[in-house]
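**Student:** Mind folding the following:
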Amino acid sequence: MRRVYIDLAVDCDDCAVPSRPALVRWCKAALAEAEGSMRLGLRVVAESEAAELNGRFRGRPGPTNVLSFPYHDAPLGKTRFLGDIVICAPLVKAEASRAGYPENAHWAHLVIHGILHLQGLDHETDQDARVMEARETRILTGLGFRDPYR
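**Tutor:** Next comes the predicted model:
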């Protein structure tokens, strides 16, 4: 039986975070095409931690909305550990508000975006971006959200 395990950690005071069932549903949707059982970490942080991680691991100043840290060749028995995703809750809220996009939809997009990075997709080239965005759109519309790129 295929299973998805999500280790959720919220380290952000006064941050609105979607329900665990919603987060699990989005994670499973992003992993629907993957084989076998998987585990991943999902950490929700404030802007200060997002900025520190962004500077340390990407060499970029300031916070970012989502960071992915893939783990390669990390089996846990029959379960494969994909890695960790870090999401900055205050940025999710601010970006959704600025874009006029429902906050829950933006959360879903960033969770899915982060998981696709854990699976090896990226958007470094135009072609890679088209592939990743098409997959994100397919997953999000399958969950009832609109295309975030339109």
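**Student:** Any regions of this protein where pLDDT drops low?
**Tutor:** Within the chain, the stretches with pLDDT under 70 are 1, 73-76.
**Student:** how does it look with 80?
**Tutor:** 1-2, 72-78 (pLDDT under 80).
**Student:** so who does the closest residue to Pro90 other than its chain neighbours touch?
**Tutor:** The shortest distance from Pro90 to any non-neighbouring residue, by CB to CB, 6 or more residues apart in numbering, is to Glu47 (5.2 Å). To be clear about C-beta, it is placed using only N, CA and C from the backbone, and glycine gets the same treatment. Counting by CB atoms under 8 Å, 6 or more residues apart in numbering, Glu47 makes contact with 63, 88, 90-91.
**Student:** Please tell me how far Glu47 sits from Thr125.
**Tutor:** Counting by CB to CB, to the nearest Å, the separation of Glu47 from Thr125 is 29 Å.
**Student:** repeat for His117
**Tutor:** Counting by CB to CB - His117 and Thr125 are separated by 15 Å.
**Student:** So for those two, which sits in the more crowded spot?
**Tutor:** Each of His117 and Thr125 has its neighbours counted (other CB atoms under 10 Å); His117 has more, 20 against 9.
**Student:** Now that one, what are its backbone angles?
**Tutor:** Backbone torsions of His117, given as degrees, to the nearest 10, read phi -60, psi -40.
**Student:** Leaving out the residues flanking it, which one is nearest to it?
**Tutor:** Per CB to CB, 6+ apart, closest to His117 is Ser68, 3.6 Å.
**Student:** Helices of this structure, residue ranges please.
**Tutor:** When assigned using DSSP state H, the helices of the chain occupy the ranges 20-30, 47-58, 89-99, 103-118, 126-142.
**Student:** Most tightly packed of those helices?
**Tutor:** Highest mean neighbour count of the helices of the chain: helix 103-118, a mean of 22 (counted as mean count of other CB atoms under 10 Å).
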